[in-house]
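no FASTA, just this:
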């Protein structure tokens, strides 16, 4: 588990938290433009919380949803704001609250999608 008081995490900490090998993370950095952790003076990768969320989302797309690398790239490219998944949950909750009501077709659909995204968020936070 990651210490939430820290701003930056090493590649070994991220690997331990996500159950991935360092070579996998390094490869994903070369494939996914959204995953670009900063490097410190020594040249070591310094992952932020946002980077870790991206790693978890990529892992979800590749391992759970069975996307290919090109498919996952496309999916990430379609995501305009990548404060994922928290931003998506906040945006969806806001839209759901603004729907006419839960009994309208759109209101029910928005609630179903919101629930599915909450489920995905729980998976990503593991």
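Done, it's in. These numbers were taken from a predicted model, which means no experiment stands behind them.

name the helices or strands packed onto the longest helix along the chain?
Ranked by residue count, the top helix of the chain under DSSP state H comes out as helix 105-124. Judged by 3 or more Cβ pairs under 8 Å, 6 or more residues apart in numbering; DSSP states H and E, helix 105-124 is in contact with helix 49-59, helix 86-98. Every residue, glycine included, has its C-beta placed from N, CA and C.

Contact partners for residue 21?
By Cβ atoms under 8 Å, 6 or more residues apart in numbering, the contact set of residue 21 is residue 15.

that older thread, which of the helices and strands packed on helix 105-124 comes out lowest on mean pLDDT?
Within these, confidence is poorest for helix 86-98, with a mean of 41 (mean pLDDT).

Any stretches of this structure with poor pLDDT?
Scanning the chain for pLDDT under 70 picks out the ranges 1-3, 80-107.

So which bits of the longest helix of the chain are buried?
Counting neighbours by 16 or more other Cβ atoms under 10 Å, one finds that the buried residues in helix 105-124 are 110, 114, 117, 120, 121, 124.

between those residues, which is nearest residue 59?
Closest approach between the buried residues of helix 105-124 and residue 59, by Cβ to Cβ: residue 124, at 8.2 Å.
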